[in-house]
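> sharing a model that was predicted from the sequence below.
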Amino acid sequence: MCGIVGYVGSRPVVDLLIGGLRRLEYRGYDSTGVAFFSGQTLQVRKSEGKLENVEKLLQADATRFADARSGIGHTRWATHGKPTTQNAHPHEVGDVVLVHNGIIENYQDIKAELARHGRHPRSETDSELFGFLVQDELDAGREFVEAMRRAFGKIRGQASIVAMCRREPGRVVGVRNGSPLVVARDPSGGVLFASDAQPVLEYTRDVIFLENGDVAVGDDSGLRILELATGREVRREATRLDWSPERLDKGGYPHYMLKEIHEQPVALIDTLNALLDRAKTDAFPMAPQPGVELLAKARELVLVACGTSYHAALLGKYWIESLARLPVQVELASEFRYRDPVVGADSVVLGISQSGETADTLAVIRDMRARGVPTLGVTNVRGSTLAREAQAVFYTSAGPEIGVAATKTFLSQCLAMLLFAGSLGVKRNPAHRARVEALFHQLVKLPHLLESALEDQGPLTQAIRNACGSVQEAKGFFFIGRGTSYPVALEGALKLKEIAYIHAEGYAAGELKHGPIAMIDDQMIVVVLAPRDAWRDKTISNLEEVKSRGARILGVGASADESLRSLCDFWVPVPDAMDESLLPFVLTPVMQLLSYELACLKGTDVDKPRNLAKSVTVE
Ligand code: AGP
């Protein structure tokens, strides 16, 4: 949550900060601000609402600030205090100006201590309090970097802070302790700071992912990294990223989300290439990497995740149990971390997180490591905290995902799960070898099939658009499915809530009669996922149950399934004739496009839905 950007060097900093914040808006967008030195004068512009508001504030003075060369910026996802201008970052306290991502857990103690001395912060945030701590150190005669280090020693919690000081205007200091922070050397001289690599890629692909407890100092003499605890200089190697800046733009689509839905075939190809050894011709040949061995040793897998990633984990359970006959538990990280779970001696805990920064998922991984349990991660972000803290990591290769609603990262996670299932299946379950081999041959063709299915004027996309025109006024939606269509139904309901703000529930179709069916009337749309698989006929019985109670049915099934089609008020055909393990890969885009079209009809902010953020770095 919250995006930080900072710079000191030879480039005009105001444009750089605004451009950087635009790349980071997905991390939070309820208020925004920048601070920079114009000559020796500190300027702060901030506002509630989105970045445009700050841009307007700056427009009047654009030429006046063309000389500014050092500054920091922030886009906020509120934790402490409402999303107001007063609570927006940067916070200015005495000589100090700072931006913060994370939570200062002992903020009440600090606030009480300040109040005892008659000092009162202007905002309701925990972040501003840090400024008082630094100012006290400056007043005690310390230099800025030393003051930052000492002040950090007085706070508890997960926080990354980037700050500047009136006494040393050409210096930016960033501390990482929990929340992610990257730094990079600008090839034309200067130092870049950001919450993730995206704002930096425009200038360089060589990025340093700071470790917890690192202090990065950028000034005239370049970049230095010090240990927070001792102040000693340390060396950190840069990671070369393969994400090009062009992939961060909308590429002609009206929204990032739509672009990212259409990028799914490429995301699948790239993930296949990253996780498999494509030089080999046998089924599911995993590319050699440390995680493969750990996975093969597991006698039970515990998959831990949140939100959409949790749905990928649920699909993983169906596939791994069925193809590899390996027991799988699926757990919500936010619950698992506060239970006292029993984890078997030969279990492996695998955290799934597109961002690799989700606080609850990371907490489970840390806790399990501390207990000596082997841990794995699946993430889309190189250098993310999950990648560094799990014992071994598998990378999906969906490329940067800007839309807050996960789309291509989800499908890539699903693919990772299926690849684990297939490769473990080959080793553990010789009886199913022929089935696994046949599945693999279909899997490698899947990206092409999906690409044709997603064609803009194709039958699938047209059918979704037609249906949306008629269902947009519904009171609510149920998404139902059985087997692997059940996690897809959960994901469909989550997407619709997230971006269209329409009430939706996802259910295992067999569960409706145990209570939720009481909600059904003619104002309700039931989206029935009934592709041709082992569960189709049972799902159709559930369809009949809700239809007879007045629900209007939006059916999603095999294009040739005329008997299912005849039962539906609205019909979306998906490609037929494929191994049923692959069906979630064609059903999911239907869920995504349905939510997308309904959100557009409602006129919501599709890429930045209200109250959400892309990386949920607070619990
Ligand atoms: C997805 O559309 C959501 N924005 C959200 O549920 C997300 O999947 C969840 O916060 C987990 O994120 P992660 O994959 O980065 O851990």
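Yep, that arrived.

> which ones are touching the nearest residue to Met578 once chain neighbours are set aside?
In this structure, Met578 finds its nearest non-sequential neighbour in Gln442, 5.7 Å apart by C-beta to C-beta, 6 or more residues apart in numbering. The way it works is simple: take the backbone N, C-alpha and C, and place the C-beta from them, glycine included. Contact analysis of Gln442 by C-beta atoms under 8 Å, 6 or more residues apart in numbering lists Met578, Asp579, Leu582.

> wait, Ile209 touches Val381, no?
Careful, residue 209 is Phe; it's not Ile. No - contact criterion C-beta atoms under 8 Å: Phe209 and Val381 do not qualify, at 9.6 Å.

> ok so, going back, if I've got this straight, the residue nearest to Met578 is in a strand?
No - using DSSP: H, G, I helix; E, B strand; the rest coil, the assignment for Gln442 is helix, not a strand.

> now the chain against the ligand: closest residue?
Gly307 (1.9 Å; C-beta to the nearest ligand atom).

> which SSE is the closest residue to that residue other than its chain neighbours in?
Spatial nearest neighbour of Gly307, excluding adjacent residues (C-beta to C-beta, 6+ apart): Leu494 at 6.9 Å. In the assignment (DSSP states H and E), Leu494 maps to helix 485-495.

> after that helix comes which helix or strand?
Taking DSSP H and E, what comes next after helix 485-495 is strand 504-508.

> so Gln198, which of the three states?
Once three-state DSSP is applied, Gln198 turns out coil.

> counting neighbours, what do you get for it?
As a burial measure, Gln198 scores 26 neighbours (other C-beta atoms under 10 Å).

> per-residue confidence at it?
Note for Gln198: predicted pLDDT of 86.

> returning to that earlier point: what's the angle from the helix holding Leu494 to strand 504-508?
170 degrees (axes from the mean of the first three to the mean of the last three C-alpha atoms, to 10 degrees).

> which strands or helices does helix 485-495 pack on?
Counting contacts by 3 or more C-beta pairs under 8 Å, 6 or more residues apart in numbering; DSSP states H and E, helix 485-495 packs against helix 307-319, strand 476-481, strand 504-508, strand 524-529, helix 583-602.

> each with direction, which strands does the fourth one pair with?
Strands adjacent to strand 524-529 in the sheet, as given by DSSP bridges, are strand 476-481 (parallel), strand 552-558 (parallel).

> among those, which is nearest Glu293?
strand 476-481 (35.0 Å; C-beta to C-beta).

> and Phe209 and Val381? Which one has more around it.
With neighbours defined as other C-beta under 10 Å, Phe209 and Val381 compare such that Val381 has more, 27 against 23.

> nearest spatial neighbour of the more buried one, chain-adjacent residues omitted?
Gly356 (4.6 Å).

> over to Asp576?
Closest to Asp576 by C-beta to C-beta, 6+ apart is Ala558, at 4.1 Å.

> ok so, going back, can you report how many residues lie near the residue nearest to Gly307?
Going by other C-beta under 10 Å, the residues that sit close to Leu494 add up to 22.

> show the contacting residues for it.
Taking C-beta under 8 Å, 6+ apart, we find Leu494 in contact with Gly307, Thr308, His311, Ala504, Gly506.

> could I get those residues as JSON lines with neighbour count and pLDDT?
Listed next are the contacts of Leu494 as JSON lines, based on neighbours: other C-beta atoms under 10 Å; pLDDT from 0 to 100:
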{"residue": "Gly307", "neighbour count": "23", "pLDDT": "96"}
{"residue": "Thr308", "neighbour count": "23", "pLDDT": "97"}
{"residue": "His311", "neighbour count": "27", "pLDDT": "98"}
{"residue": "Ala504", "neighbour count": "24", "pLDDT": "97"}
{"residue": "Gly506", "neighbour count": "25", "pLDDT": "97"}
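
> spell out which parts of this protein neighbour the ligand.
306-309, 353-355, 358, 361, 404-406, 498, 612, 615-616 (C-beta under 6 Å from any ligand atom).

> let's see 5 Å
Cys306, Gly307, Thr308, Ser309, Ser353, Gln354, Ser355, Thr358, Ala405, Ala406, Val616 (C-beta under 5 Å from any ligand atom).

> can you map out the strands along the stretch 351-500 of the chain?
Listed in chain order, the strands of the stretch 351-500 of the chain (DSSP state E, counting those that start in this stretch) span 375-379, 392-395, 476-481.

> likewise for the stretch 151-300 of the chain?
159-165, 172-177, 182-185, 190-194, 206-209, 214-219, 222-227, 239-240, 300-305.

> okay if I get these as TSV plus mean pLDDT?
Below are the strands of the stretch 151-300 of the chain laid out as TSV (pLDDT from 0 to 100):
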stretch	mean pLDDT
strand 159-165	95
strand 172-177	96
strand 182-185	96
strand 190-194	97
strand 206-209	93
strand 214-219	97
strand 222-227	97
strand 239-240	88
strand 300-305	98
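
> nearest approach to Leu332 belongs to which of these?
strand 300-305 (7.6 Å).

> got the angle for the closest one vs helix 307-319?
If you take the same axes, to 10 degrees, strand 300-305 sits at 160 degrees to helix 307-319.

> I'd assumed Leu226 was in contact with Asp148.
No Asp there; residue 148 is Met. No - between Met148 and Leu226 there is no contact under C-beta under 8 Å: 9.9 Å.

> now for the two: what residues contact both?
Common neighbours of Met148 and Leu226 (C-beta under 8 Å, 6+ apart) are Val215.

> between those two, which has more neighbouring residues?
Met148 (29 against 21).

> what's the helix or strand of the chain at the bottom of the mean pLDDT ranking packed up against?
Ranking every helix and strand in the chain by mean pLDDT, DSSP states H and E puts strand 239-240 at the bottom, with a mean of 88. Where contact means 3+ C-beta pairs under 8 Å, 6+ apart, strand 239-240 is packed against strand 206-209.

> give the buried residues for the strand it packs on.
By neighbour count on 16 or more other C-beta atoms under 10 Å, the buried set for strand 206-209 is Val207, Ile208, Phe209.

> parallel or antiparallel, list what pairs with it.
strand 182-185 (antiparallel), strand 239-240 (antiparallel).

> list the contacts of that strand.
Identification of contacts with strand 206-209 by C-beta under 8 Å, 6+ apart yields 180, 182-185, 197, 200-201, 216, 225, 236-241, 383-384, 388.

> let's go with 6 Å and repeat that
Residues outside strand 206-209 that contact it (C-beta atoms under 6 Å, 6 or more residues apart in numbering): Val182, Val183, Ala184, Ala197, Val200, Arg236, Ala238, Thr239, Arg240, Leu241, Gly383.

> CA-only coordinates of stretch 339-355 in PDB, if you can.
The C-alpha coordinates for stretch 339-355 follow below in PDB (Å, rounded to 0.1, in the frame of the first residue of the first chain):
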ATOM      1  CA  ARG A 339      -4.200 -20.100  14.200                       C
ATOM      2  CA  ASP A 340      -1.900 -22.600  15.800                       C
ATOM      3  CA  PRO A 341      -1.900 -24.900  12.700                       C
ATOM      4  CA  VAL A 342      -0.700 -28.500  12.700                       C
ATOM      5  CA  VAL A 343       1.800 -28.700   9.900                       C
ATOM      6  CA  GLY A 344       3.100 -32.300   9.100                       C
ATOM      7  CA  ALA A 345       6.800 -33.100   9.300                       C
ATOM      8  CA  ASP A 346       7.000 -33.500   5.500                       C
ATOM      9  CA  SER A 347       4.800 -30.600   4.600                       C
ATOM     10  CA  VAL A 348       5.900 -27.700   2.400                       C
ATOM     11  CA  VAL A 349       4.100 -24.400   2.800                       C
ATOM     12  CA  LEU A 350       3.800 -22.400  -0.500                       C
ATOM     13  CA  GLY A 351       2.800 -18.800  -0.400                       C
ATOM     14  CA  ILE A 352       1.100 -17.400  -3.600                       C
ATOM     15  CA  SER A 353       1.100 -13.600  -4.200                       C
ATOM     16  CA  GLN A 354       1.300 -11.800  -7.400                       C
ATOM     17  CA  SER A 355       2.900  -8.800  -5.700                       C
END
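
> rounded mean pLDDT for the helix or strand where Val54 lies, please.
In the assignment (DSSP H and E), Val54 maps to helix 51-59. For helix 51-59, the mean pLDDT works out to 91.
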